[in-house]
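# here's my sequence, what's the structure:
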Amino acid sequence: MISVVVPAYNEEANIGRCLESLNRQSLPRDEYEIIVVDGDSKDNTRQIAERYADLVFIQTSKKVGGARNDGAMKARGEILATTDADCIIPENWLEIIRDDFEKHDIVQLYGPVDPIEEGMKNRLSLALANNFSRIGYYTKTLYYTLGCNTAFRRDAFLEAGMYRTIDAGDDLEIAKRMAELGRVMFDSRMRVSFSMRRYEQFGTIKSLYEWLYIVVHGGSSEKHSYTRREYKK
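Here you go, the predicted model:
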């Protein structure tokens, strides 16, 4: 069993297509479950999610990392996969995750991302991020994982202490702790279509600068705009 955890907050415009893509996986539907952890949305996010997910509930921990942690605590699967409510998942995503965990002695798995929105700037931005991720992995200097496209062996995830509830950099921080427990693996076949809307809203350069600033300063900031503070529960 694989448990897919999807944090969401006011995502009525996007969550339907995300969950539809998760329900079109090449794995048999009884081999995975979908868990939506909602940050007490004020729109119809939960009502839409209930059409597709096995479990929908309101989070009790803080921020997006806390939402993923809440989902992990409810999960029944030995493998825990995470994505975001505005992503679109290819049909072979869970099959790749299952096969990699069966074939390799790993504690965490991650892959690259492609932009949903059109435009050369978006494609170039994610191409640079993906190459940065590959370089970090193959040089063993940095595991640039993303919460929208990663998977864990659940018992190792719990042993590591799960995600820190911070504004940015929780993906990088958890990977460092997971690497102390076992092998963290990058698979270029494990792709997810990722929404660039936050970068388009705030500006790519500004967003990257603020993300880096927050990471360098311990992951929390009340004054910077590019955070996921909508997960306030």
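# so where do the helices sit in the protein?
15-22, 45-49, 63-74, 93-103, 120-138, 154-160, 170-179, 197-202, 204-216 (DSSP state H).
# what about the protein, any weak spots by pLDDT?
Scanning the chain for pLDDT under 70 picks out the ranges 122, 126, 168, 196-233.
# let's go with 90 and repeat that
The chain contains residues with pLDDT under 90 at 62-63, 114-147, 164-173, 176, 194-233.
# need the helices of the chain in a markdown table (columns: mean neighbour count and distance to T83).
C-beta: built from backbone N, CA, C; applies to glycine. Listed next are those as a markdown table, based on neighbours: other CB atoms under 10 Å; distance: least, CB to CB, whole Å:
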| stretch | mean neighbour count | distance to T83 |
| --- | --- | --- |
| helix 15-22 | 21 | 7 |
| helix 45-49 | 21 | 13 |
| helix 63-74 | 24 | 10 |
| helix 93-103 | 18 | 8 |
| helix 120-138 | 15 | 15 |
| helix 154-160 | 18 | 15 |
| helix 170-179 | 20 | 12 |
| helix 197-202 | 15 | 15 |
| helix 204-216 | 15 | 19 |
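# export the ones you listed to JSON lines and append columns for distance to T82.
Shown next, in JSON lines, are those (distance: least, CB to CB, whole Å):
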{"stretch": "helix 15-22", "distance to T82": "12"}
{"stretch": "helix 45-49", "distance to T82": "15"}
{"stretch": "helix 63-74", "distance to T82": "5"}
{"stretch": "helix 93-103", "distance to T82": "11"}
{"stretch": "helix 120-138", "distance to T82": "16"}
{"stretch": "helix 154-160", "distance to T82": "10"}
{"stretch": "helix 170-179", "distance to T82": "9"}
{"stretch": "helix 197-202", "distance to T82": "17"}
{"stretch": "helix 204-216", "distance to T82": "18"}
